[in-house]
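K.L.:
predicted structure and sequence below. I'll ask about it afterward.
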Amino acid sequence: REEIMPQFYVFYVLFYGIDFLIAVVLAVTINSVVTGQYIKRTYEFGVYRAIGRSKREVRRKVAAEVIAMNLIACVIGFISIFLYTYIVNELVYKKEGLHLLYASGIGVTGFIICDVLIVIPLILSKGVKMGRADVTEF
């Protein structure tokens, strides 16, 4: 195994490169969807600013909303993948004496990288924009 692992280095580089490209595509897509959501709520954030909320509090609210949506999506995704893997293991692989892994280190690492590359720019861009919302512009 130790002799073979260096030969897989190319696959690890490819995996992380593809993971980065997927993260960029997802970031652009999710940013577009969330932008529509926040454009409709610009007046709401303008009212928060008008009643005395600071830009920091508005940015904190946006960050909390994005993180909550992200956590809910992650939990649903993890449950779905776990159930799918369990069902496939029971129906297909167990009969042959094989099994799929429920989690792998490289998969979890790729997920974390992808998630961070999506969530952090989303929080920063929407937080700044909503912090600038002004009720007098409407």
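P.N.:
Structure received. Numbering: from 1, shown residues only.

K.L.:
what sits against the residue positioned nearest the centre of the chain?
P.N.:
With distances taken as C-alpha atoms, centre = their mean, the chain has residue 115 as the residue nearest its mean C-alpha position (3.6 Å). Residues in contact with residue 115, defined by C-beta atoms under 8 Å, 6 or more residues apart in numbering, are 70, 74. In short, each C-beta sits where N, CA and C put it, glycine included.

K.L.:
pop out the phi and psi values for it.
P.N.:
Torsion angles at residue 115 (phi, psi; degrees, to the nearest 10) stand at phi -60, psi -40.

K.L.:
now do the contacts for residue 32.
P.N.:
By C-beta under 8 Å, 6+ apart, residue 32 lies in contact with nothing.

K.L.:
give the buried residues for the host helix or strand of it.
P.N.:
Residue 32 belongs to helix 9-40 when assigned by DSSP states H and E. Neighbour-count burial for helix 9-40 flags 19, 23, 27, 30, 34, 38 (criterion: 16 or more other C-beta atoms under 10 Å).

K.L.:
now do the contacts for the third one.
P.N.:
Contacts of residue 27 were listed using C-beta under 8 Å, 6+ apart, and they are 117-118, 121-122.

K.L.:
now intersect those with the helices, please.
P.N.:
117-118, 121-122 (DSSP state H).

K.L.:
spell out for me the PyMOL command that would select the buried members of those residues.
P.N.:
In PyMOL, a selection of the buried entries from the ones in helices among the contacts of residue 27 looks like this (16+ other C-beta under 10 Å):
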select buried, resi 117+118+122
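
K.L.:
between the ones in helices among the contacts of residue 27, which is nearest residue 15?
P.N.:
For the ones in helices among the contacts of residue 27, the closest approach to residue 15 (C-beta to C-beta) belongs to residue 117, at 14.7 Å.

K.L.:
for the closest one, which non-adjacent residue is closest in space?
P.N.:
Excluding its sequence neighbours, the residue lying closest to residue 117 (C-beta to C-beta, 6 or more residues apart in numbering) is residue 23, at 3.9 Å.

K.L.:
give the buried residues for the biggest helix by length in the chain.
P.N.:
Criterion DSSP H: the longest helix present in the chain is helix 55-88. The neighbour-count check on helix 55-88 (16+ other C-beta under 10 Å) flags 55, 58-59, 61-63, 65-66, 70, 85 as buried.
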